[in-house]
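In: Generate a structure from the sequence data that follows.
(2 chains)
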Amino acid sequence: MFNYDYYLRLSKFPLIWCAGCGDGIVLKSLIRAIHKIGLSKDEVCMVSGIGCSSRLPGYVDFNTLHTLHGRALTFATGVKMANPKLHVIVITGDGDATAIGGNHYIHAARRNIDITVILFNNHIYGMTGGQVSPTTPKEKKASTAPFGSFENTFNISGLAQAAGASFVARATVYNAVQLEKLIERAILKKGFSVVEVMSPCPTAYGRRNRLGAGVDMILAQKEDSIPFAKAEKMSPGELDGKIVTGVMVDIERPECREEYQKLIDRFQAK
Amino acid sequence: MSSHSDSKVKVITGNEACAEGALAAGLKFYAGYPITPSSEVAEVLSEELPKIGGVFIQMEDEIASMGAIVGASLTGAKSMTATSGPGFSLMQETIGYAAMAEVPCVVVNVMRGGPSTGLPTLPSQGDVMQARWGTHGDHPIIALTPYTVRETFDLTVRAFNLSEQFRTPVILLMDEILGHVNEKVVLPEAHELKIVNRQKPVVTPEEYLPYEHTPSGVSAMANFGEGYRYHVTGLAHDQTGFPTNSSAEIDKLMRRLHRKIDDHLDEIIEVEEYLLEDAEVGLFSYGSSARSSRHAVRMAREAGIKAGLLRPMTLWPFPEREIVKHTAQVKTWIVAEMNLGQIAHEVEWAVRGRVPVTKITRVDGDPISPLDILAKIKEFV
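Out: Predicted coordinates:
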């Protein structure tokens, strides 16, 4: 039996997350991945923004930094640039990273700074009561889209790819084994890495859109998931409503802090 | 700057002096976004920081710059950003975070005319109230206002020292005149400077309370990555740093945040008294406007008028006691500032009607002339 307790701040339990929320599955997958890599607790710095998923760092025994809405990547950039020995992991959500924090998201990817982002995509602003987010699918209802969303959505992983991330993957909480492996690869990857995790919100999203309870929503992920390799042979129409999972990007690209170190070293050598 | 760096005597601008002061204070991390009239601070540091193993990074905006310096400071690096009005507005939310999470950092605002884009290349002192109350909620703040290039160096060092001593963001309020004026300075040697570093924990990680309610109000600060795994949040928190909804804990936190500043006014507040001993007309002026006020005092003295200047180097917390001390003696206060009376209102509040307070205001991008101040002084004789 895996010992999660070693990594948890059990005195802070119970978790704030609702029954049926997918975030706890991500928490456990993340801990297993960190354990498998063998990182010491002192060398991990976990940074988050504001929202349901961003409460995660409060429950784990690392150097933890719960920041402002949308700004986790800015604080994380300061941490990584000032102390590159730390493994910096950012915990964020779809609204946090791509609405209010969209600018920081694309610039962190452009810099290819060695930070791993675990981006919880639940299609909604859960903590504030179910408002429409940049990833709420068209025609789905939210508390601020009572007639269904009329806006187009972001492809969060595609955004990171276009902006220059070295590693981008998408996973579901249904497939926790794959999720753990992708998080492990993301942390080990030198450069900006993103794992977009589809984490259902039965309370603020599922209920309003008649998607059933948490278990129903997680089981639906199984039906909707398509691996990237298979998706490449499918038409956009066939992919409508599907979750394309697996590794989207895995490339080598100069990393921001290492490039800066070369500059420092140039002066040290003199 | 680099062409003069082998010599103690230099001719440099206020922005360059600010960068030099920061390096002398131990700056190891700068993040910023270009904005007139502050950009030279970033330009100098982009050249100098890599040479000493420090980090310079130009961020995507001022919000990101402010977040980056708070993150860097948590790893132990003395951190700073520099900006002007529009950027200072964008930084406000994170300045509040630094106040709440008690993260030392220095924010330089080289003031230009506002509101909005306003007067990018012209001076103003229109952000003095924003420096005090720009972020939301009750919060303490320290703001310093130099008036010469040399003093910009000194107060930049002091800004770092105060931020480290009190675990708080410190604002350095310059203005376009000071940022761009060239003056001859003799900068001090490193051994002549007093440098303050944050207090590190002396207890074990198990016993460590990052937000301990100490008698002084300031708690020890561990660096991320050194074994003291703790939690930092902008939410109201208890002594352990974790969020709390306990009204008793929240009250203790909020009052301690203020106590750590309010109980140390003697250490924080610095003023210069110039010919104030026998003055009948008291001038209160800061930053570039104080240069004009000082000149006007000299001209008034030459004309046989007993004028004097009270010049705050610390604008926040406000030097109320220093004003009160001289209010029994002066017949009037004249406040000259490049805004519509933001600090004059504070002086009026400190004086509480005992003597009249006259404003000299200017918001058209031109500095206040010593002659305009002299004319006002003469009205009281």
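
In: contacting residues around residue B:253?
Out: B:211, B:236-238 (CB atoms under 8 Å, 6 or more residues apart in numbering or on different chains). For glycine as for every other residue, the C-beta is placed from the backbone atoms N, C-alpha and C.

In: can you list the residues of the stretch 101-250 of chain B near chain A?
Out: B:223-227, B:229-235, B:242-243 (CB under 8 Å from any CB of the partner chain).

In: Most neighbours out of those residues, which is it?
Out: The most crowded member of those is residue B:224, carrying 28 neighbours; neighbours defined as other CB atoms under 10 Å in any protein chain shown.

In: which non-adjacent residue is nearest it?
Out: residue A:63 (4.1 Å; CB to CB, 6 or more residues apart in numbering or on different chains).

In: for chain A, what spans make up the strands?
Out: Remark: strands assigned in chain A by DSSP state E are A:44-48, A:63-66, A:87-93, A:115-121, A:124-125, A:131-132, A:167-172, A:193-198, A:225-227, A:243-250.

In: would a markdown table of the ones you listed with mean neighbour count, distance to residue B:317 and mean pLDDT be doable?
Out: A markdown table is the format used below for the strands of chain A (neighbours: other CB atoms under 10 Å in any protein chain shown; distance: least, CB to CB, whole Å; pLDDT from 0 to 100):
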| stretch | mean neighbour count | distance to residue B:317 | mean pLDDT |
| --- | --- | --- | --- |
| strand A:44-48 | 28 | 32 | 98 |
| strand A:63-66 | 28 | 29 | 98 |
| strand A:87-93 | 29 | 36 | 98 |
| strand A:115-121 | 28 | 38 | 98 |
| strand A:124-125 | 28 | 39 | 98 |
| strand A:131-132 | 19 | 40 | 98 |
| strand A:167-172 | 27 | 49 | 98 |
| strand A:193-198 | 28 | 44 | 98 |
| strand A:225-227 | 17 | 59 | 97 |
| strand A:243-250 | 20 | 52 | 98 |
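
In: Relative to residue B:133, which of the ones you listed is closest?
Out: Nearest to residue B:133 among these is strand A:63-66; the distance by CB to CB comes to 24.8 Å.

In: elements contacting the closest one?
Out: With contacts defined as 3 or more CB pairs under 8 Å, 6 or more residues apart in numbering or on different chains; DSSP states H and E, the packing partners of strand A:63-66 are strand A:44-48, helix A:72-82, helix B:62-74, strand B:231-233.

In: what does that strand rub up against?
Out: With CB under 8 Å, 6+ apart, strand A:63-66 has contacts from A:42, A:44-48, A:54-55, A:57-58, A:72, A:75-76, A:79, A:86, B:71, B:74, B:224-225, B:229-235.

In: number of nearby residues for residue A:233?
Out: The number of residues packed near residue A:233 is 8, by other CB under 10 Å.

In: List the contacts of it.
Out: Taking CB under 8 Å, 6+ apart as the definition, residue A:233 has no contacts.

In: show me where chain B has helices.
Out: Under the criterion DSSP state H, chain B contains helices at B:14-25, B:39-48, B:62-74, B:85-101, B:128-133, B:149-166, B:176-180, B:247-262, B:265-268, B:287-302, B:320-327, B:342-351, B:370-378.

In: before we move on, the earlier item: I'd like the strands of chain A as JSON lines, with distance to residue B:37 appended.
Out: Compiled in JSON lines, the strands of chain A are given as follows (distance: least, CB to CB, whole Å):
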{"stretch": "strand A:44-48", "distance to residue B:37": "33"}
{"stretch": "strand A:63-66", "distance to residue B:37": "33"}
{"stretch": "strand A:87-93", "distance to residue B:37": "34"}
{"stretch": "strand A:115-121", "distance to residue B:37": "33"}
{"stretch": "strand A:124-125", "distance to residue B:37": "39"}
{"stretch": "strand A:131-132", "distance to residue B:37": "40"}
{"stretch": "strand A:167-172", "distance to residue B:37": "41"}
{"stretch": "strand A:193-198", "distance to residue B:37": "38"}
{"stretch": "strand A:225-227", "distance to residue B:37": "55"}
{"stretch": "strand A:243-250", "distance to residue B:37": "42"}
